[in-house]
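Peer 1: Predicted model and sequence below, questions to follow.
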Amino acid sequence: MLPGLLVLAVILCVVTISWYWAQLLHWANEIPRAVTSKRRWLGNMGDFFGKSPSEVFLVLDRHFRQHDRLFTLRFGPQVAIGITHPELVQKVLTHPDCQAKPDVYKVVRLPNGLLAAKYDIWKMHRKALNSTFNARILESFVPIFNDCSRRLIERLDRYAQTSARCNILEYISACTLEMISRTSLGGKVLERDGAEQFINNLEIALKTIGVRIFNLLLHVDFIYQFTELYRNEMKAIASCQQFTRKIIQDKREEIARLFVESDHNPASSEAAEGTPQYRKPQIFIDQLMKIPRTDPGARQFSDEEISDHIYTMIVAGNETSATQLAHTCLLLAMHPGVQAKAHAEVAELIYAPDQEITLELLKELRYVECVLKEAMRLMPVAPIVGRQNLAEIVLDGHRIPRGNILLFNFYALHRRKDVWGPTADEFDPGRFLDDAGGVRHPYAHLPFSGGPRGCIGYRYAMLSLKTMLALILRNYELSTSLRLEDLRYQYQISLNLAFPHAVQLRRRP
Ligand code: HEM
């Protein structure tokens, strides 16, 4: 009798919950649904549960390519809406009610940093930080990009002499880390005590984000805190914070000292260093200490906020830039004709090996820019991003209640044949030349995402990547035995390859 009652109670519970979910999700029934299994009641759980991040990426890619405008994915009572058409992508990414991030971003653990901040905090900080990436500040970074790129060439030279294949990503990563550290924390940061430990711990913290973000179980804080991953992450974060806290403290003391000195002699600091202020690199940490927050009556940024902003720039800007450039080098190695054209442009502008790369020169590198844009189209390193709507929105006549997840897949967007034509899967930088391809939808090419919450560092990234690529092309001919059709991806936070970026380098005269 008792077991029978128990079974009945369970059945009643399941029926009631299913009915409740059905009512709750009634609004989604008219939207095309991504279905892979016949067991619809399971929703899309089966598509993702127990899969590796790379498998999740492939499943998502398939769903995005199968739907022209939008579709739903269901995980119990939670719906995610995949937005596929450029028109709708633009509408959502620019919509004022769609600038919040879904909860999964919390794994980044930088609550004040732009990438993962909650909407209200993000809005205030983004307004204050936009000015730290203005044209003048970026120009002041060009000598640093130049210097770091020359060191990259020196390191690559040792490899080129052996004519062995090298994993170019390793070399580029060291260079982008140096760039981002010097532009955010100052010139001598990597010479400070504890810098090596800082770099190792930074890597541990970044890897943890990549592992955790696609493991649904590890999103539950109660479970995660008992794992070894958690303990290692906490140790790494504590050590990194100790390193940056000391820098912040030293900076505060330096600013206070300069303030006292300039009070006595206003021209002293410029004259002493012989460099006008506007030409000195405008280091990010100095900017953060100077700008008042934009909310009325606000104080300046606290040490914790400054630290979150600096780490966010490193998290968001380092691996993305390095991987994107390694993808570009590999694509150039696979396409000797394109490489020859890009090299010809570079060789015409950089005729002496020690010639300084200036902003004007970088602007002249038009074909190199097309090469970068095309590599970002075919192999975008940040292909999947999410938003959450804070109020009801209407898409193609469907009412989407507040609080749902909106997903974008730029990898699939960048390969739409209706936008990019029959050669969408081929590497052809010429399609980005001014006179090619007619008018394309402005939201069809989004390697840096788009709208108010798009990448704040995209101009920084373009300048630094162009500098590195120009010097690589000026000094080496790249070749590889890999072909485009051999590429297999590994997806963590960024879209990487499942194997090394193996290229051979031949020194150019
Ligand atoms: C090739 C290099 C880069 C690519 C492809 C890239 C791509 C992106 C994308 C797609 C987003 C949107 C993420 C989302 O919505 O979840 C983003 C955001 C962001 N990126 Fe980049 N990025 C690059 C380099 C950089 C650099 C160099 C920096 C800093 C120096 C940077 C700083 C940021 C920040 C702070 C955000 C968050 C913006 C916000 O939410 O307001 N990125 N990036």
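Peer 2: Received the coordinates, thanks. Numbering: from 1, shown residues only.
Peer 1: make it CA atoms for all contacts and neighbour counts henceforth
Peer 2: Fine.
Peer 1: helices and strands around the helix or strand harbouring Thr183, which ones?
Peer 2: Element membership for Thr183 (DSSP states H and E) is helix 168-185. Secondary-structure packing of helix 168-185 (3 or more CA pairs under 8 Å, 6 or more residues apart in numbering; DSSP states H and E): helix 135-160, helix 284-290, helix 303-334.
Peer 1: Ile81 reaches Asn409, doesn't it?
Peer 2: No: at 11.3 Å, Ile81 does not count as touching Asn409 under the criterion of CA atoms under 8 Å.
Peer 1: quick one on the thing from earlier: need the helices and strands packed on helix 168-185 in TSV with mean neighbour count, distance to Glu360 and mean pLDDT, can you?
Peer 2: Converted to TSV, those look like this (neighbours: other CA atoms under 10 Å; distance: least, CA to CA, whole Å; pLDDT from 0 to 100):
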stretch	mean neighbour count	distance to Glu360	mean pLDDT
helix 135-160	18	10	93
helix 284-290	19	23	89
helix 303-334	22	21	94
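Peer 1: All the strands of the stretch 251-400 of the chain, residue numbers only.
Peer 2: 384-388, 393-395, 398-400 (DSSP state E, counting those that start in this stretch).
Peer 1: Does anything pack onto the second one? Which helices or strands?
Peer 2: In this case it means strand 393-395. Using 3+ CA pairs under 8 Å, 6+ apart, strand 393-395 sits against strand 398-400.
Peer 1: redo that, cut-off 10 Å
Peer 2: Packing contacts for strand 393-395, counted by 3 or more CA pairs under 10 Å, 6 or more residues apart in numbering; DSSP states H and E, involve helix 86-93, strand 398-400.
Peer 1: Enumerate the residues of the stretch 1-150 of the chain near the ligand.
Peer 2: 114-115, 126 (CA under 6 Å from any ligand atom).
Peer 1: if you set the cut-off to 8 Å instead, what comes out?
Peer 2: 101, 105, 113-117, 122, 126 (CA under 8 Å from any ligand atom).
Peer 1: now the stretch 251-400 of the chain
Peer 2: So the stretch 251-400 of the chain meets the ligand at 309, 312-325, 376, 380-387 (CA under 8 Å from any ligand atom).
Peer 1: show me the contacts for the residue in the stretch 301-450 of the chain positioned nearest to the ligand.
Peer 2: Residue nearest to the ligand within the stretch 301-450 of the chain: Gly317 (3.3 Å; CA to the nearest ligand atom). Applying CA atoms under 10 Å, 6 or more residues apart in numbering, one finds that Gly317 lies in contact with 176-177, 179-180, 311, 455-458, 460-461.
Peer 1: Among the residues you listed, which one has the most neighbours?
Peer 2: The most crowded member of the contacts of Gly317, judged by other CA atoms under 10 Å, is Thr176 (28 neighbours).
Peer 1: Could you measure from it over to Arg136?
Peer 2: 21 Å (CA to CA, to the nearest Å).
Peer 1: So which of the strands of the stretch 251-400 of the chain is the most surrounded?
Peer 2: Among the strands of the stretch 251-400 of the chain, strand 384-388 has the highest mean neighbour count (mean count of other CA atoms under 10 Å), at a mean of 20.
Peer 1: Quick one: distance of that one to the chain centre.
Peer 2: Distance of strand 384-388 from the chain centroid (CA atoms, centre = their mean, to the nearest Å) equals 13 Å.
Peer 1: Between helix 86-93 and it, find me the angle.
Peer 2: 50 degrees (axes from the mean of the first three to the mean of the last three CA atoms, to 10 degrees).
Peer 1: What are the contacting residues of strand 384-388?
Peer 2: 57, 60-61, 80-82, 92-93, 97-105, 119, 402-412, 447, 449, 453, 493-495.
Peer 1: how about 7 Å then?
Peer 2: Residues outside strand 384-388 that contact it (CA atoms under 7 Å, 6 or more residues apart in numbering): 98-102, 403-410.
Peer 1: now do stretch 460-471
Peer 2: 138, 145-146, 149, 321, 325, 346, 362.
Peer 1: now that stretch, how far from the chain's geometric center?
Peer 2: 16 Å.
Peer 1: now swap in stretch 98-112 and tell me
Peer 2: 14 Å.
Peer 1: Verify the stated contact: Ile283 with Gly186.
Peer 2: Yes: with contacts counted by CA atoms under 7 Å, Ile283 reaches Gly186, the gap being 6.0 Å.
Peer 1: could the strands of the stretch 251-400 of the chain go into CSV alongside mean pLDDT?
Peer 2: As requested, the strands of the stretch 251-400 of the chain are arranged in CSV below (pLDDT from 0 to 100):
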stretch, mean pLDDT
strand 384-388, 96
strand 393-395, 97
strand 398-400, 96
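Peer 1: Save these as TSV, and put in distance to Cys329 too.
Peer 2: Output for the strands of the stretch 251-400 of the chain, formatted as TSV (distance: least, CA to CA, whole Å):
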stretch	distance to Cys329
strand 384-388	23
strand 393-395	39
strand 398-400	42
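Peer 1: What's opposite Leu406 in the beta bridge?
Peer 2: Note on Leu406: beta-bridge partners by DSSP bridges are Ile81, Arg387.
Peer 1: Contact partners for it?
Peer 2: 80-83, 386-388.
Peer 1: again with Met334
Peer 2: 479-480, 482-483.
Peer 1: how much space between Leu6 and Trp19?
Peer 2: Here Leu6 is placed at a distance of 20 Å from Trp19 (CA to CA).
Peer 1: hmm, I was thinking of Ala316
Peer 2: For Ala316 relative to Trp19 (CA to CA), the value is 42 Å.
Peer 1: can you check Ala160 too?
Peer 2: From Ala160 to Trp19 the distance is 66 Å (CA to CA).
Peer 1: for the stretch 151-300 of the chain, what are the low-confidence residue spans?
Peer 2: For the stretch 151-300 of the chain, the stretches flagged by pLDDT under 70 are 262-279, 293-298.
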